[in-house]
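Chemist: Output the structure for:
(chains A and B)
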Amino acid sequence: MTQLILFNLFNGLIIGAFYALMALGLSLILNLSGVINFAHGGFLAIGAYLAFTLMPYIGFWGALIVAPLVTALLGIAVERMLISRLYGRDPLYGLLLTFGLAFILEDGTRYLWGAATLPFSVPGWMQSPLSNEFFFLTGYRLFMVLLVVVVVAALFLILGYTRLGMRIRAGTLDLEMVSVLGVNVRVLRNLNFGLGIFLAGLAGVLAAGMLGLQPTIGSTLIMPSFVAIIIGGLGSLPGTLLGGLLIGVASGLTAVFFPSASEAVIYVMMGLVLLVRPRGLLGEEGRF
Amino acid sequence: MQVDRRAAHALVWLLLLTMPFWLDWVDGYTALGTRIVVLALAAMSLNFLLGFTGVLSFGHAAYFGLGAYGLGMTIKYLVPSTLAGMAVGVIAGTLAAMLLGALIVRLRGIYFAMVTIAFGQVFYFIAYRWNAVTGGDDGLSGWRRQPVDLGFVRIDLLGSDNALYYWCLFWFAAAVLIMAALLRSPFGRTLLAIRENERRARFLGIPIDRHIWLSWVISCLFVSLAGTLYALLNSFADPHDLRWDQSGDFVIMAVLGGMRSFWGPLIGAAVYVVLQDYISSQTENWMSFIGLFFVLVVLFFPRGVMGVLRRRSAP
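Modeler: Numbers count the residues shown, from 1 in each chain, chains lettered A, B, ... in the order given. Predicted coordinates:
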C-alpha cells in the first residue's frame, strides 16, 4: 500500500511538473500580453513531434534542445503575424484566434505525422528502474523531474536578474511605463511569447517520452494548466508553479483511492480555492 | 427606421416559420434547419451575456450539455416523456449555473473567461468517466424522443421532421421573446449600462455582481433549453456537447453574426452550421478549415455580419 501511494505520489509529481512547465509558459504570455493562449497545447504537440523527427539525426539530447527552439521560432512567427494584431482589443478576439490556431495545429500534426500513436524512445539506460524496491523510479522519470527543476530555476533566474527578464516583469506591472522608458514593447512581447512557447515545446518532448506521441497530446494537457494558473493566482509565476505541482499530486493521490475521479478532483480544488480566495493562492488582490 | 426594424423582424419570423418549405430548394434538409434554430438559440442565449452584459463566458457548452444529458437520462431511466426530460434538463443546467455563478461572479474579463472554461470541463469528465450511467465516450444512446401529448393534440416528434422543427421553433420563439422583453425592461437597460461602463454603473448604486449573476443564470437557462432540444434532435447526448470546443462554436457564432445585434447570432449560427455541414462532407481535414475560419473572422470580420451592415447603412 505504501508503495502504491508512493508510486502515485511520484507519478503525480511528474504530471504536476508537466502542468507547471506548460502553465508557466501560458502565464508568461497571459501576464504580459493579456492573451489566453489556447494554442499552447498545439505548440506542445509540435515540439514533441519535431523531436521525434529530429531524433534519428541528432539523437535524444540534440532533439531535446533543438525541437523546443524550433517550436519557439514558430511561436515567434505566429505572434508577429497574427496574435500581435489583437493586442489592446477585447480579450475575446485573442481567445477566438488562438482557439482557431489550436484546431489548425492539432489537425496539422495529424496530417503530417498521422493519427496513430507513435513510439518515442528515450536512451536505453534511462528506462531501467534504479532500484528493485521502487520499481517506478526509472532513470527517465528522475531525469524529467531534475530537468524541470533546472529549467524552472533558470527561468526564475532569467526573470530575476537579466535585462530581458526585468523588462518582462516590469511590463506585466505597467507596460505603458516600460514603453515610455524606451523599451520596444513589440519586441519584448514577441520574445516573451517565444519564451513561453519554448517551455511548451520542452514540455512536449518530455511528455512524449512518457505518454507516447498523439496529436491530441496537447489538448489533454492544456485544461489542467489553466486550472494550475487559476489555483496559483493569475499574475503570479511562483503561484503557477505551486498550482501545477499541487494539482499533479492531488490527481495522483486521488488515482489511488478513487481512480475515476482523478481528472475531476482538480476542478473541485479550483472551486474551493475560488470560494475562499478568489484571487488564487499567491495572486495579488485586484490585479484581474 | 422604426418601420424598417419592424419589417426586418417580420421578415426573420416569416423566414423561420416557412423554413421547412423552402429549405429543399436551396439544397438543405429539415434536420439542418432544426439544427440552425437550436444552435441559434444557444448562441443568442450566450449573447445575452456576451453582447448585452459584456461578460465573456467561454464555458457555455457545460450547461448546453447538462440540458442534453438531463433530457436523455430522464427519458432513458425515469419517464419516457419529452416534456419531463426538457424540464429536468433545464433545471439541471440552471441549478449548476446558479451554484457555479455564485463562485465566479466576482471575477472579470479574462479571468472570468478562464474560470468558465475550466469549470466547463468538470461536467465533461463526469460524462466521460461515468460509463455505466452516461455511456462514457460513446455518448448516451438507447433512447428516442417521445411524442408529446398535450391532451387536445398529439405532436408526433418521432415520426415527422416538420413536427420536430416546429416544436423547436416554438421554444426558440418563446425564449427569444422573453430575452427581448428582458432587454427592453429596466433590468436589461441596467445590463447595458454595466456593459458600457461598469464603474459608473457601480457609482449609480447598481449592485453589479447581482446583475451579472442574474444575467449569467438567465443565459445558462436558455442555453440548457437549447441543449435539451439538441438532444431531442439527435436522440443522443454526446460528451462532445459538453466540451470546450462546443463553447468556442457558440462564441464564434455570436461574433460572426454580430455581438451587438439581437438577431446577429441567428445569422452567425446559420452561416456556421451550413459551412460546417459542407466542409465536413468535403474533407477529412475539416478541423483545419474551421480553425482557419476562426482566424479569418477574428482578423477581418470582428464586427460580424450585422456590424458591417449597420456601418454601411449609417451615413
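Chemist: Look at residue B:167 and tell me its secondary structure.
Modeler: Following DSSP: H, G, I helix; E, B strand; the rest coil, residue B:167 is assigned to helix.
Chemist: where do the strands sit along the stretch 1-150 of chain B?
Modeler: For the stretch 1-150 of chain B, strands defined by DSSP state E, counting those that start in this stretch occupy the ranges B:148-149.
Chemist: what does it have sitting close to chain A?
Modeler: Counting by Cβ under 8 Å from any Cβ of the partner chain, the stretch 1-150 of chain B comes close to chain A at B:50, B:56, B:58, B:100, B:103-104, B:106-111, B:113-115, B:117-119, B:121-122, B:125-126, B:129-130. (Each C-beta comes from the backbone N, C-alpha and C, glycine too.)
Chemist: any idea which helix is longest in chain B?
Modeler: Longest helix in chain B, counting residues (DSSP state H): helix B:208-234.
Chemist: Beyond the least confident helix or strand in chain A by mean pLDDT, next helix or strand please.
Modeler: Lowest by mean pLDDT, DSSP states H and E among the helices and strands of chain A is helix A:124-127, with a mean of 70. Per DSSP states H and E, the first helix or strand lying C-terminal to helix A:124-127 is helix A:139-161.
Chemist: and that following helix, which residues are buried?
Modeler: Neighbour-count burial for helix A:139-161 flags A:139, A:140, A:141, A:144, A:145, A:147, A:148, A:151, A:152, A:155, A:159 (criterion: 16 or more other Cβ atoms under 10 Å in any protein chain shown).
Chemist: how much space between the closest residue to the fourth one other than its chain neighbours and residue B:169?
Modeler: Sequence neighbours aside, residue A:206 is the residue nearest to residue A:144 in space, at 5.3 Å (criterion: Cβ to Cβ, 6 or more residues apart in numbering or on different chains). Counting by Cβ to Cβ, to the nearest Å, the gap between residue A:206 and residue B:169 amounts to 52 Å.
Chemist: Those two: who's more crowded?
Modeler: Taking other Cβ atoms under 10 Å in any protein chain shown, residue A:206 and residue B:169 do not tie; residue A:206 has more neighbours (28 against 21).
Chemist: need the contact list for that one.
Modeler: When contacts are counted by Cβ atoms under 8 Å, 6 or more residues apart in numbering or on different chains, residue A:206 touches A:18, A:21, A:144, A:147, A:148.
Chemist: I'd like the distance between it and chain B.
Modeler: Separation of residue A:206 from chain B (Cβ to the nearest Cβ, to the nearest Å) stands at 23 Å.
Chemist: Just the buried positions in stretch B:202-209, please.
Modeler: B:206, B:208.
Chemist: which residue ranges form the strands in the stretch 151-300 of chain B?
Modeler: Under DSSP E, counting those that start in this stretch, the stretch 151-300 of chain B gives strands at B:154-155.
Chemist: Which residues of it lie near chain A?
Modeler: B:244-245, B:248, B:251-252, B:255, B:285, B:287-288, B:290-295, B:297-299.
Chemist: Selection in ChimeraX covering whichever of those are buried, please.
Modeler: Command for ChimeraX that selects the buried part of those, burial taken from 16+ other Cβ under 10 Å:
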select /B:244,248,251,252,255,285,287,288,290,291,293,294,295,297,298
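Chemist: Between which two of the buried residues of helix A:139-161 is the distance greatest?
Modeler: A:139 and A:159 (30.1 Å; Cβ to Cβ).
Chemist: residue ranges with poor pLDDT in the stretch 1-150 of chain A?
Modeler: A:124-125, A:128-136 (pLDDT under 70).
Chemist: Get me the contact residues on the stretch 51-200 of chain A for chain B.
Modeler: Close to chain B, as judged by Cβ under 8 Å from any Cβ, the stretch 51-200 of chain A has residues A:82, A:85-86, A:89-93, A:95-97, A:99-104, A:106-108, A:111.
Chemist: Quick one: buried ones out of the residues you listed?
Modeler: A:82, A:86, A:90-93, A:95-97, A:99-104, A:106-108.
Chemist: check contacts around residue A:27.
Modeler: By Cβ under 8 Å, 6+ apart, the neighbours of residue A:27 are A:196, A:229, A:234, A:237, A:240.
Chemist: for the nearest residue to it once chain neighbours are set aside, what are its contacts?
Modeler: Distances taken as Cβ to Cβ, 6+ apart place residue A:240 nearest to residue A:27, at 4.4 Å, with adjacent residues excluded. Neighbouring residues of residue A:240 by Cβ under 8 Å, 6+ apart: A:20, A:23, A:24, A:26, A:27, A:228, A:229, A:232, A:233.
Chemist: And residue B:275, by the same measure?
Modeler: residue B:293.
Chemist: close enough to count as contact, residue A:92 and residue B:252?
Modeler: No. With contacts defined as Cβ atoms under 8 Å, residue A:92 does not count as touching residue B:252, sitting 10.3 Å away.
Chemist: what's in contact with stretch B:167-181?
Modeler: By Cβ under 8 Å, 6+ apart, stretch B:167-181 touches B:13, B:16-17, B:19, B:34, B:37-38, B:40-41, B:44-45, B:48, B:148, B:155, B:157, B:218, B:222, B:225-226, B:229, B:232-233, B:262.
Chemist: residues of the helix or strand containing residue A:203 that come out buried?
Modeler: Element membership for residue A:203 (DSSP H and E) is helix A:185-211. Along helix A:185-211, these residues count as buried under the neighbour rule (16+ other Cβ under 10 Å): A:185, A:188-211.
Chemist: Let me know the next secondary structure element after it.
Modeler: Next element after helix A:185-211 (DSSP H and E): helix A:217-232.
Chemist: do that next one and chain B meet?
Modeler: Yes. Using Cβ under 8 Å from any Cβ, helix A:217-232 reaches chain B at A:223, A:226, A:227, A:229, A:230.
Chemist: Identify each buried residue in that helix, please.
Modeler: Neighbour-count burial for helix A:217-232 flags A:217-219, A:221-232 (criterion: 16+ other Cβ under 10 Å).
Chemist: Check which helices and strands that helix sits against.
Modeler: helix A:2-33, helix A:40-81, helix A:91-113, helix A:185-211, helix A:237-257, helix A:265-276, helix B:109-129 (3 or more Cβ pairs under 8 Å, 6 or more residues apart in numbering or on different chains; DSSP states H and E).
Chemist: Just the angle for that helix relative to helix A:91-113, thanks.
Modeler: Helix A:217-232 and helix A:91-113 meet at an angle of 150 degrees, taking axes from the mean of the first three to the mean of the last three Cα atoms, to 10 degrees as the criterion.
Chemist: Quick one: mean pLDDT for helix A:217-232?
Modeler: The average pLDDT for helix A:217-232 rounds to 88.
Chemist: Same question for stretch B:217-235.
Modeler: 95.
Chemist: Show me how far that stretch is from its chain's centre.
Modeler: 7 Å (Cα atoms, centre = their mean, to the nearest Å).
Chemist: got it, and stretch A:179-196?
Modeler: 20 Å.
Chemist: same thing with stretch B:239-258?
Modeler: Here stretch B:239-258 shows a centroid-to-chain-centroid distance of 8 Å under the convention Cα atoms, centre = their mean.
Chemist: Pull out the CA atoms of it and give them to me as PDB.
Modeler: Extracted in PDB, the C-alpha atoms of stretch B:239-258 (Å, rounded to 0.1, in the frame of the first residue of the first chain):
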ATOM      1  CA  PRO B 239     -19.900  14.100 -24.300                       C
ATOM      2  CA  HIS B 240     -18.500  16.400 -27.000                       C
ATOM      3  CA  ASP B 241     -21.600  18.700 -26.400                       C
ATOM      4  CA  LEU B 242     -20.000  19.500 -23.000                       C
ATOM      5  CA  ARG B 243     -16.500  20.200 -24.200                       C
ATOM      6  CA  TRP B 244     -14.700  23.500 -24.600                       C
ATOM      7  CA  ASP B 245     -14.700  23.300 -28.400                       C
ATOM      8  CA  GLN B 246     -18.500  23.400 -28.300                       C
ATOM      9  CA  SER B 247     -18.300  26.600 -26.200                       C
ATOM     10  CA  GLY B 248     -16.000  28.100 -28.800                       C
ATOM     11  CA  ASP B 249     -18.500  27.300 -31.500                       C
ATOM     12  CA  PHE B 250     -21.200  29.300 -29.700                       C
ATOM     13  CA  VAL B 251     -18.800  32.200 -29.300                       C
ATOM     14  CA  ILE B 252     -17.800  32.300 -32.900                       C
ATOM     15  CA  MET B 253     -21.500  32.200 -34.000                       C
ATOM     16  CA  ALA B 254     -22.200  35.200 -31.800                       C
ATOM     17  CA  VAL B 255     -19.200  37.100 -33.100                       C
ATOM     18  CA  LEU B 256     -19.700  36.100 -36.700                       C
ATOM     19  CA  GLY B 257     -23.300  37.300 -36.700                       C
ATOM     20  CA  GLY B 258     -22.500  40.400 -34.700                       C
END
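Chemist: Good, we can wrap up now.
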